[in-house]
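S.K.: I need the structure of the sequence given here:
(one chain, ligands or ions: 1)
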Amino acid sequence: MTDQDLYGRAKAAAAGAYAPYSKFLVGAAVLLRDGRVLTGVNVENASYPLGMCAERCALARAVAEGARPGDVEAIAVTASPCGGCRQWILEFGAERVVFMHGGELLVRRPDELLPDSFQL
Ligand code: THU
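M.R.: A predicted model of the protein is given here:
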């Protein structure tokens with residue numbers, strides 16, 4: 001699967017987002033090394049800080065399907081990943097993060113998105 005294909009999966013997923021407060025629909029798609037793709041969407045809540053980003057939703061689905069750090073090849077997202085999601089993406093060791101920024105599809109390594117990161 002190409003990065004463009006993975007981005008297409010994220011874009012299609014965004015239609016299913018639950019974002020009644022911001023109305024900002026986000027989709028994400030995680031590509032596992034074994035070829036499986038798990039999508040995610042942002043899920044907002046009336047108690048605003050409890051909302052979930054699309055990237056974390058997709059990564060949580062992948063974990064529920066058995067994925068662990070090192071199993072993620074790439075993740076695509078229709079928005080620039082927030083700081084917290086960058087930390088999550090780093091944890092799972094993705095090679096590439098594919099995302100739309102300023103009308104351009106960017107491909108970055110997680111450590112480029114979060115340099116000098118916190119690690120235990
Ligand atoms: N959002 C994501 O889903 N991923 C990000 O990395 C950035 C922000 C969502 C959270 C919220 O539902 C909406 O976008 C507006 O901030």
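
S.K.: list phi and psi for the most centrally placed residue in the chain.
M.R.: Note on the chain: the residue nearest the mean C-alpha position is residue 55, at 2.7 Å, using Cα atoms, centre = their mean. With angles defined as degrees, to the nearest 10, residue 55 sits at phi -60, psi -40.

S.K.: pLDDT wise, what is it at?
M.R.: Per-residue pLDDT puts residue 55 at 98.

S.K.: same check, this time on the one 3 residues further on
M.R.: Listed pLDDT for residue 58 reads 98.

S.K.: can you tell me the SS state at it?
M.R.: helix (DSSP: H, G, I helix; E, B strand; the rest coil).

S.K.: residue 68 versus that one, what's the distance?
M.R.: Distance of residue 58 to residue 68, given as Cβ to Cβ, to the nearest Å: 15 Å. Any C-beta I mention is one placed from the backbone N, CA and C, and that applies to glycine too.

S.K.: how about the strands of this protein, start to end?
M.R.: Per DSSP state E, the chain carries strands over the ranges 27-32, 37-41, 72-77, 96-101, 104-108.

S.K.: using a markdown table, lay out those together with mean pLDDT, mean neighbour count and distance to the ligand.
M.R.: Shown next, in a markdown table, are the strands of the chain (pLDDT from 0 to 100; neighbours: other Cβ atoms under 10 Å; distance: least, Cβ to the nearest ligand atom, whole Å):
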| stretch | mean pLDDT | mean neighbour count | distance to the ligand |
| --- | --- | --- | --- |
| strand 27-32 | 98 | 27 | 7 |
| strand 37-41 | 98 | 22 | 8 |
| strand 72-77 | 98 | 26 | 6 |
| strand 96-101 | 97 | 18 | 9 |
| strand 104-108 | 97 | 13 | 13 |
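
S.K.: assess the claim that the residue nearest to the centre of the chain and residue 27 are in contact.
M.R.: No - at 9.7 Å, residue 55 does not count as touching residue 27 under the criterion of Cβ atoms under 8 Å.
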